[in-house]
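>>> mind looking at a prediction? Sequence and model below.
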Amino acid sequence: MTDTANSAAGGREVRLARVPAGPVTAGDFRLAEAPAAAPGPGEALVGLRMLGLNAGLAGRLGVHAATGGRGGVDVGGVPESDALVEVLDPNGLPGWAAGDPAVVQWAPWRERFAVPAGALRPAPVRDPGRAAENLTVLGHVGFTAFIAVHDIARLRPGERLLVSAAAGGVGAHAVQFARALGAEVVGVAGSAARVALLEELGAVGVDRRAGDLAGSLAAAAPDGVDVYLDAVGGEMLEAGIDLLRDGGRVVLMGAAGESGGAPRPPRNYKRMIHHELSMTGFTVLAHEDRRAVFEEIVGGWLAAGRVRPVATVHSGLAAVPGAFADLMAGAGTGRTIVDLR
């Protein structure tokens, strides 16, 4: 990891150029010169090295569109994502030295910036050749998948899990974690290539774009599923509820399929009464006390070769707008990452 520019300069940043009127495009963003990055008391200066992109950001593109406890991004504002950074100037912060890799949960799309000490977390993987693991299997999407499958669903060996958006950043790791826990998995994805990935990861893959989603799910799990992990909402949530066995559990972690309109309750919610189903939502940021357990368990699976990082990697800050547009269009597999090293 190197930083060839003056570390006090802000470098470049990506700003929101306009609020998308429809599907997100690269033209909704623009590159600009960033302000100088000078750390204040209790802050360190860091350089952006890898940026993880999150589909949930789309719901915050507009000052009045706030979700997940974060404010909307106004035109001219700089979006934020979780990121791997390098400490350029620790500015006297205890325990930090220049060159240390760290993870920041809310990093601006900017080459260099100051960050408070409390927002810096040591990177679990320091090997530069394995840097992407900090934003995938051991990063934000991995942590989300672990909390959903291990803590909220309490998935048990021999149970069957249905995962929506299963070839995405959270989904591809949830599939692997469920398999590591001894469960069967049915994964839903949006292309033949993504279904092929799911089958490589040990799941039964269902292509939601192939038509007759309910029939395809019934064929993949003729006797139903025990847990449904939902990141989509809408029709997919209804299909998951229909597939649950008695006493089944739904874990809600997103509603990407309803981002373009008003949310509506599932038409089949009464099935939850008659079949004693449960539905639990969660936000991963409320489970930070579980991170050490997550890193120990998943780190062990990783070392044993039972799980692996899944990502689509782009290069350079200028690639961020297009990478985010591709993510929202369903391109690629696993986590979408931009490598700035």
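Structure's in. What do you need? Note that this is a predicted model, so its numbers are computed, not measured.
>>> got a list of what the spatially most central residue of the chain touches?
The residue at the geometric middle of the chain, judged as the C-alpha nearest the mean C-alpha position with C-alpha atoms, centre = their mean, is residue 141 (3.8 Å). Remark: with contacts taken as C-beta atoms under 8 Å, 6 or more residues apart in numbering, residue 141 is in contact with 52, 135, 169-170, 173, 335. In this view, the C-beta of every residue, glycine as well, is placed from N, C-alpha and C.
>>> need the three-state assignment for it.
For residue 141, the reduced secondary structure class is helix; criterion used: DSSP: H, G, I helix; E, B strand; the rest coil.
>>> from residue 296, how far out is it?
When C-beta to C-beta, to the nearest Å is the yardstick, residue 141 and residue 296 sit 18 Å from each other.
>>> what's the answer for residue 218, then?
Distance, residue 218 to residue 296, by C-beta to C-beta: 38 Å.
>>> more crowded one of these two?
The neighbour comparison of residue 218 against residue 296 (other C-beta atoms under 10 Å) goes to residue 218, with 15 against 9.
>>> quickly find the element holding that one.
Assessed by DSSP states H and E, residue 218 sits inside helix 213-220.
>>> what of residue 103?
Secondary-structure element containing residue 103, defined by DSSP H and E: strand 101-108.
>>> dump the C-alpha coordinates for that strand into CSV.
In CSV, the C-alpha atoms belonging to strand 101-108 read as follows (Å, rounded to 0.1, in the frame of the first residue of the first chain):
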residue,chain,number,x,y,z
PRO,A,101,-4.7,-1.4,7.6
ALA,A,102,-8.0,-0.6,9.1
VAL,A,103,-11.7,-0.9,8.3
VAL,A,104,-14.1,2.1,8.4
GLN,A,105,-17.8,1.5,8.4
TRP,A,106,-18.9,4.8,6.9
ALA,A,107,-16.1,5.9,4.6
PRO,A,108,-16.6,8.8,2.1
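>>> partner strands of that strand, with direction?
When pairs are called by DSSP bridges, strand 101-108 turns out to pair with strand 80-89 (antiparallel), strand 120-122 (antiparallel).
>>> turn these into JSON lines, including mean neighbour count.
Converted to JSON lines, the strands paired with strand 101-108 look like this (neighbours: other C-beta atoms under 10 Å):
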{"stretch": "strand 80-89", "mean neighbour count": "23"}
{"stretch": "strand 120-122", "mean neighbour count": "16"}
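>>> dump these to JSON lines, plus distance to residue 321.
JSON lines is the format used below for the strands paired with strand 101-108 (distance: least, C-beta to C-beta, whole Å):
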{"stretch": "strand 80-89", "distance to residue 321": "13"}
{"stretch": "strand 120-122", "distance to residue 321": "27"}
